[in-house]
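Peer 1: fold the following, please.
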Amino acid sequence: MTTKKWDWPVITILVVIHGAALACIFVPPTPAAIALLVTFFFLAGFGITIGYHRLLSHHAFECSPLQRRVWATLGTTALQGGPVFWVGLHRKHHQFGDKDGDPHSPRHRLLEGHMLWMTRLDSKSAAVLTALNAKDLRELSKDPYIRYLDPGFGPLIPWAATLAVCALVGGLPGVVWGGFLRTVLAWHATWLVNSVGHRFGKRPYATRDASRNVWWLAPVAFGDQWHNNHHARPAAAVLTDKWWQLDVSGLIILGLERLRLVRNVVRWKAAVRS
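Peer 2: The predicted model follows:
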């Protein structure tokens, strides 16, 4: 029987920040604190869905090096790890979707795919991540700024900067609501796509995994609630194939394209099927 190797630094961060977020019970929100929560929740959310996910992981569109750095920085404010780590982990998820090797599949337990996978080192094997799509990861690491964001304290610095802004603008309520509670809400928004999005909902496409579309995640998933659509055509910049499906991140990408700030946006029909 293999002994589990616990990732104690990650466990500590999870416990401390969830505990700090619970202080919202005792610290009433102010208008400034609510504004900080909403602002940084959306910035971090789009940093993950547009930056980490569609730009860096799937090359769904192209942009300038400066804009890529901005998206990577916004993704880092979600405190979900550096961009190279996140991209490697996500590509591993696509390669082994809901099979042995998938780092966060909920096929056995919902909580396993939601957050428990992060508490073990074996789920995030550095050797596997480095070997998987090594060429693409090396290309991503060539940018010294992206490389700076990944190891050690690099991923903590942009998040800590948002915490400092919350303190300066909103005081203690700003830190609790705009800093810690916002971080926990953003965490669970992403994790719900990983867990619920592979257990509940509809499967219009017969993908090799158990991914599902979960429309009611729309308020927090920024378009990634169409998870089965995404697994069917991972490179698509917009994840919808029906007029009534709302993909806010995809609409932002299309808006940036119209402003000529991004290019080579991969359309749904042109995206390669999974």
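
Peer 1: going by C-alpha atoms from here, please, whenever you check contacts or count neighbours.
Peer 2: Fine.

Peer 1: for the top helix by length along the chain, packing partners?
Peer 2: Counting residues, the longest helix in the chain under DSSP state H turns out to be helix 156-173. Applying 3 or more Cα pairs under 8 Å, 6 or more residues apart in numbering; DSSP states H and E, one finds that helix 156-173 contacts helix 31-46, helix 65-76.

Peer 1: contacts for the helix or strand that that helix is followed by next, please.
Peer 2: Downstream of helix 156-173, the next assigned helix or strand under DSSP states H and E is helix 182-195. Contacts to helix 182-195, defined as Cα atoms under 8 Å, 6 or more residues apart in numbering, come from residues 17-18, 21, 37-38, 40-41, 44-45, 78-80, 104-106, 110-115, 217, 220-221, 224-225, 227.

Peer 1: out of those residues, which end up buried?
Peer 2: By neighbour count, with 16 or more other Cα atoms under 10 Å, the contacts of helix 182-195 hold 17-18, 21, 37, 40-41, 44-45, 78-80, 104-106, 110-115, 217, 220-221, 224-225, 227 as buried.

Peer 1: so which of these sit within helices?
Peer 2: 17-18, 21, 37, 40-41, 44-45, 110-114, 220-221, 227.

Peer 1: ok, so of the residues you listed, who is nearest K92?
Peer 2: G113 (13.9 Å; Cα to Cα).

Peer 1: distance of the closest residue to that closest one other than its chain neighbours relative to A160?
Peer 2: Sequence neighbours aside, P106 is the residue nearest to G113 in space, at 3.9 Å (criterion: Cα to Cα, 6 or more residues apart in numbering). As for P106, its distance to A160 is 31 Å (criterion: Cα to Cα, to the nearest Å).

Peer 1: what's the answer for H53, then?
Peer 2: Distance of H53 to A160, computed by Cα to Cα: 22 Å.

Peer 1: looking at these two, which one has more neighbours?
Peer 2: Remark: of H53 and A160, H53 carries more neighbours, 24 against 14, as counted by other Cα atoms under 10 Å.

Peer 1: I would like the residues contacting stretch 147-157, please.
Peer 2: For stretch 147-157, contacts defined as Cα under 8 Å, 6+ apart pick out 73, 76-77, 79, 81-85, 140-141.

Peer 1: turn those residues into a markdown table, columns for pLDDT.
Peer 2: Shown next, in a markdown table, are those (pLDDT from 0 to 100):
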| residue | pLDDT |
| --- | --- |
| T73 | 97 |
| T76 | 97 |
| T77 | 97 |
| L79 | 96 |
| G81 | 92 |
| G82 | 92 |
| P83 | 93 |
| V84 | 90 |
| F85 | 88 |
| L140 | 83 |
| S141 | 80 |
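
Peer 1: can I get these in a markdown table including distance to V196?
Peer 2: A markdown table is the format used below for these (distance: Cα to Cα, whole Å):
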| residue | distance to V196 |
| --- | --- |
| T73 | 27 |
| T76 | 23 |
| T77 | 24 |
| L79 | 21 |
| G81 | 21 |
| G82 | 24 |
| P83 | 24 |
| V84 | 25 |
| F85 | 23 |
| L140 | 30 |
| S141 | 32 |
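
Peer 1: which of the residues you listed tops the neighbour count?
Peer 2: Counting neighbours by other Cα under 10 Å, P83 leads the contacts of stretch 147-157 with 30 neighbours.

Peer 1: list the contacts of that residue.
Peer 2: 52, 56, 72, 75-76, 146, 149-150.

Peer 1: for S57, same thing?
Peer 2: Neighbouring residues of S57 by Cα under 8 Å, 6+ apart: 87-88, 90-91.
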